[in-house]
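Asker: Sequence plus the predicted model coming up.
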Amino acid sequence: MMWIAVFVVFAFGAVSDGNPLSGYQNDPAFPEEVQRIIGGSSASLGNFPWQARLDGPLLCGGTLVHASYVVTAAHCFFYEGQDFTNPSQWTIRLGEIYPNSHENTEQGIRAASITVHYGYNQWATPDYDIAVIRLSHAANINNYVSPISLPSYDAPDGTNCVVSGFGDTTGNGNLASRLQYVYVPVMNRNTCNYYMNGAITSRMFCAGYDNGGRDSCQGDSGGPLACQLGGTWTLSGVVSWGNGCALAGNPGIYTRVTQFRSWISQHTNYAV
């Protein structure tokens, strides 16, 4: 396809056994020695109580939007033609900051169902890149595990939002040993479309710096871009795709959650 031939993008999921990234592959022109949440900081327990980690065939993030539901990226369930939407393959980890150890705050809950947006096509532009996971039982809501609100409007250009995740630390499948986060500003749509050669649809938006340096990366896919709107933290974006990580003129691309509020509500039994 022409778009892939021009951009050769990658999706930010990572395969749990160290195999190549899920979805689109790295462009050979981009350096492979890239970090996780680039230019970020280590989180403390309770900083991001909505953060979820998808533990299964592929490694991705997610966001708790209700005690029984997690929002993530559609591309987290597909890799080179393989379909990983069987919920029995997945456990959702909540309330943790250290993925390699068990904290007293951690809750591991099996997935009961996975609904991928019908518009998503793993072989095409990563559009409609959103999915909803229903948990097998409701999470215990406390100071360390708590849902985030859905936005009623888009974050204005320049809004400083925070993206978090457990993504790659080296570009070679070495994941972060602690939850990372970084603040990035929402980028003007026209500027982003200029950088991305017109690939940004109405269901996407961009966040990052013109000169790069701070970004999400492999393994962060499906995780939250949270923006504080009207004093309330909201899930404005879902980590989706990009050309390389934290490179100048290549912002991170996020699923625009405002465009999917009705769909999310429908597939959470109108709980959110």
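Answerer: Happy to help now that I have it.
Asker: and stretch 177-188, which residues are buried?
Answerer: For stretch 177-188, burial by neighbour count (16 or more other CB atoms under 10 Å) applies to Arg178, Leu179, Gln180, Tyr181, Val182, Val184, Pro185, Val186, Met187. C-beta: built from backbone N, CA, C; applies to glycine.
Asker: Helices along this protein, start to end?
Answerer: Along the chain, the segments classed as helices by DSSP state H run 2-7, 189-195, 261-266.
Asker: tell me the average confidence for the longest one?
Answerer: Just to be clear, that refers to helix 189-195. Averaging pLDDT along helix 189-195 yields 90.
Asker: buried stuff in it?
Answerer: Quick answer for helix 189-195 (16+ other CB under 10 Å): Arg189, Cys192, Asn193, Tyr195.
Asker: Can you add distance to Ile97 and give those residues back as JSON lines?
Answerer: Listed next are the buried residues of helix 189-195 as JSON lines, based on distance: CB to CB, whole Å:
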{"residue": "Arg189", "distance to Ile97": "33"}
{"residue": "Cys192", "distance to Ile97": "31"}
{"residue": "Asn193", "distance to Ile97": "36"}
{"residue": "Tyr195", "distance to Ile97": "32"}
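Asker: Quick check: the farthest pair among those?
Answerer: Arg189 and Tyr195 (10.8 Å; CB to CB).
Asker: anything in contact with each of the two?
Answerer: Cys206 (CB atoms under 8 Å, 6 or more residues apart in numbering).
Asker: Give me the below-cutoff pLDDT ranges for the stretch 151-272 of the chain.
Answerer: Residue ranges of the stretch 151-272 of the chain with pLDDT under 70: 168-175, 210-219, 243-250.
Asker: Now with 80, please.
Answerer: Low-confidence segments of the stretch 151-272 of the chain (pLDDT under 80): 167-176, 209-220, 242-250.
Asker: on that earlier part again, which of the buried residues of stretch 177-188 fall within strands?
Answerer: Gln180, Tyr181, Val182, Val184, Pro185 (DSSP state E).
Asker: which ones are touching Thr115?
Answerer: Per CB under 8 Å, 6+ apart, neighbours of Thr115: Ala131, Val132, Ile133, Arg134, His267.
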